[in-house]
Structures are given as C-alpha cells and as structure tokens.
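> Quick one, structure for this:
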Amino acid sequence: IDIIAATAERQVSSDRDAPTEGSVVNLQFQHLLANVTIKIKAQVDNVIIRKITMGDAETLYTYDGSQWTGSNKTSISVEPGITLVKGADYVDVTQGGILVIPASSNKPLTIEASNKTYNVKIPSGTWEQGVKYSYTLEIKQDDIIFVDGAPYVETWDSENATGSVIIK
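The predicted structure follows:
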C-alpha cells in the first residue's frame, strides 16, 4: 500500500474569513515511502522465481508530518512466479517494487528460485521517501550476484491535486 501526503498553508490572510465552500486549494502530494525494485536476469535457462523475501523491514511506525518514529521489524515477501529465460533482459521480479519505510538498505534478501534458495544482503545505503531504488542481480550456474553495488536511483513522481479534486 502506498502512502502519500500533502500540506497546505492557509491561503487567505488571517484578518479575512475562511475560504468559502468550493474554493480551490492546490496541494502537492508526495510519497512517504521508498520503492525498492529487484530486477534479475539469468545465465541459465528457465529459472522460476517463486518467492522474494526482504528481512528486517521497518513496519508499524508513526509519521508526524516530518519523520517516522517507532521500531518494529518484519519480513516482506513477494511471490511472482516469473520464469527467467537465459540471455533475456532484466525482469522486475518485485512486480512494481516493494514499498518500505525509509531506513537503512542493508537488509537480508532471500530469493527462492526453481530448486535453489539464494541469500544475499542488499548493499549498504539509506532509502529515502519518495525515491525509487532498482537493484540488479544475475543468476549464474550456482550463484547469484549483485551486478552493481549501488542501485539505480530515480525520483518517484509526486502527484498534484487541483480544484478538480474534492478532498473533505
């Protein structure tokens, strides 16, 4: 589940009445979570990615408008059932990404593929809100490796709500 939020400053001067119903307030919504995508390609044929589990994921925190507080960790799993073909391009096996509370990225990752389980650690760094992080891995004959220690990082687009959207 994605979480977005927006704030608006008072748009009328303090000596005037509050805006009348139907007044327009423009809001800039921003993602509060980070999006972590795992892309894999295989050097062996017909590898079925059955399950991906990220351990130590932060959950059940409180957001006060500027920061997350709390401390609870759990595992997040995705069961894509995707078959990788030898030599094909990278495939997003998280099917759009795993949404996480911004935190340290140094998490254990378990990939259950065909008849083998791979255990790796996501490279160290920090995930920030409103950002997408794409990690690429390659399955070889008996091993799996991160292709690059650093993820591909891109801004996660924010959404605008204008007078055509009514929020009560």
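> Neighbours of the residue lying closest to Ile111 once chain neighbours are set aside, how many?
Of all residues not flanking Ile111 in the chain, Tyr118 sits nearest, at 4.5 Å (C-beta to C-beta, 6 or more residues apart in numbering). (C-beta placed from N, C-alpha, C; glycine too.) The number of residues packed near Tyr118 is 17, by other C-beta atoms under 10 Å.
> Check which helix or strand Tyr118 maps to.
Using DSSP states H and E, Tyr118 maps to strand 116-121.
> what comes into contact with that strand?
Asn106, Lys107, Pro108, Leu109, Thr110, Ile111, Leu137, Ile139, Asp143, Ile144, Phe146 (C-beta atoms under 8 Å, 6 or more residues apart in numbering).
> For it, buried residues please.
Neighbour counts over strand 116-121 (16 or more other C-beta atoms under 10 Å) mark Tyr118, Val120 as buried.
> Check the gap between Asn119 and Thr110 for me.
Asn119 is 5 Å from Thr110, where distance means C-beta to C-beta, to the nearest Å.
> Ignore what I typed, I meant Gly70.
Taken as C-beta to C-beta, the span from Gly70 to Thr110 is 24 Å.
> Equivalent analysis for Asp64, please.
33 Å.
> And these two? Which one has more around it.
Thr110 (15 against 7).
> The closest residue to that one other than its chain neighbours: neighbouring residues, count only.
Closest residue in space to Thr110, ignoring its immediate chain neighbours: Thr53 at 4.4 Å, by C-beta to C-beta, 6+ apart. Counted with other C-beta under 10 Å, residues neighbouring Thr53 total 19.
> Specify the beta-bridge partners of Thr53.
Beta-bridge partners for Thr53, by DSSP bridges, are Ser77, Thr110.
> Identify the residues contacting it.
Here Thr53 is in contact with Ser75, Ile76, Ser77, Leu109, Thr110, Glu112 (criterion: C-beta under 8 Å, 6+ apart).
> closest to Ala42 among these?
Distances from Ala42 to the contacts of Thr53, taken as C-beta to C-beta, are shortest for Glu112 (14.1 Å).
> That closest one touches Arg50, doesn't it?
Yes - counting by C-beta atoms under 8 Å, Glu112 touches Arg50, with 4.5 Å between them.
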